[in-house]
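*Asks:* I need the structure of the sequence given here:
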Amino acid sequence: MGFLLGGWIHHAAGVACCTEGFIMSLGLGTYGAWLNPLHGDDARAAYAMEAETLGYETIWLGFGGRNIEDLKLVERILEATSTVTVATAIVNMWNNDASAIAESYRRIRVRHGDRVLLGVGVGHPESVKTYQKPYDKMVDYLGRLDAGGVPRGRRILAALGPRSLTLAGTQAAGSHPYMTVPDHTRMAREILGREAILAPEQMVVLEPDARAARAIARPFIQTPYLGLSNYVNNLKRHGYTDEDLAGGGSDRLVDDLSPHGTPDVVARKIKTHCDAGADHVGIQVLTAGTESPMPGYRALAATLFPSTTRR
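*Replies:* A predicted model of the protein is given here:
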């Protein structure tokens, strides 16, 4: 049982979540499964079906810089599931025409209603060569989605810095930041205000041995993310030093970006984003290579959704 204070629900366990109306309007639930493209689309379609039965209410589909203008994988997963929201994480603005994305969104919405959430963003500057500044690109792209009939309440912006977060709060439902820490979530909530959705991604490793967990997480974090200026600059904003960012990342950085441990320990780490102001957390279970993340999602589900009936 929780009590309402200043627009937030405070639970006896000390975990704060935004008032339910905000997140229910998007159908995200509190926790989602964030599925990396390295697993392949066929595998992710199967993972999504099981994640729904486990209790995860949103499936986040990572796409990197791929052209996905037909949104076929989104449609495939919507057809294979019955209740989950399927979110793109993200549609890369440089590589996907806004009008084509809007047309695909409208097609899918006719059949599946508001179960689709369009996550969009500029990715990172190292991936493109263009004359247009990233912020200007975001403004232009969101305007084209407006013209294409994509409601602001059904799209979410990958935003890290203060300026893009402000844009996310006014021209989209909110923000879906990637590779962040709870300090960033706290800052983002202050900028977004209470009405916008804040749904950070969180990497985790279901491994209690610190050395083994870091051996899984560090290569994933190092390449490419510690070579990308937007992520590096954002981490520096929140107190990480050049020493933390060098050589694949310090233990402190790796542990903060990808908490490890037993399911109970990892669940508590995930919930620190809720304490900091997140409405929803997209959980990305890291594994060695392309091993299935589903054992990790199953283990976490038993902690996060103890009353959910599972197969």
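
*Asks:* State the distance from Tyr165 to Pro306.
*Replies:* Just so we're on the same page, residue 165 is Leu rather than Tyr. Taking C-beta to C-beta, to the nearest Å as the measure, Leu165 and Pro306 are separated by 34 Å. Heads up, the C-betas are built off the backbone N, CA and C, glycines and all.

*Asks:* what about those two, which has more around it?
*Replies:* Shown here are Leu165 and Pro306; by other C-beta atoms under 10 Å, Leu165 has more neighbours (24 against 8).

*Asks:* would you say the more buried one is within a helix?
*Replies:* Yes - using DSSP: H, G, I helix; E, B strand; the rest coil, the secondary structure at Leu165 is a helix.

*Asks:* how near is it to Pro263?
*Replies:* 31 Å.

*Asks:* Check Leu145 too.
*Replies:* 38 Å.

*Asks:* Run through this protein and note the low-pLDDT ranges.
*Replies:* 1-25, 125-131, 308-311 (pLDDT under 70).

*Asks:* I'd like to know the beta-bridge partner residues of the residue nearest the centre of it.
*Replies:* Among the residues of the chain, Glu201 comes closest to the average C-alpha position under C-alpha atoms, centre = their mean, at 3.4 Å. Glu201 has the following beta-bridge partners by DSSP bridges: Gly282.

*Asks:* OK, contacts around it?
*Replies:* 34, 60, 89, 176-180, 281-284 (C-beta atoms under 8 Å, 6 or more residues apart in numbering).

*Asks:* Just name the closest of the residues you listed to Asn234, please.
*Replies:* For the contacts of Glu201, the closest approach to Asn234 (C-beta to C-beta) belongs to Thr180, at 6.9 Å.

*Asks:* Surely that closest one and Pro200 touch.
*Replies:* Yes - assessed by C-beta atoms under 8 Å, Thr180 is found in contact with Pro200 at 5.3 Å.

*Asks:* what do these two both touch?
*Replies:* Ala188.

*Asks:* okay, Leu145 and Pro263: which has more neighbours?
*Replies:* Leu145 (25 against 18).

*Asks:* Just confirm the more buried one contacts Gly119, I think it does.
*Replies:* No - using C-beta under 8 Å as the test, Leu145 is too far from Gly119 to be in contact (11.8 Å).

*Asks:* Find residues that contact each of these two.
*Replies:* With C-beta under 8 Å, 6+ apart, Leu145 and Gly119 have common neighbours Arg155.

*Asks:* Quick check: Val204 is in a strand.
*Replies:* Yes - according to three-state DSSP, Val204 belongs to a strand.

*Asks:* All set, thanks.
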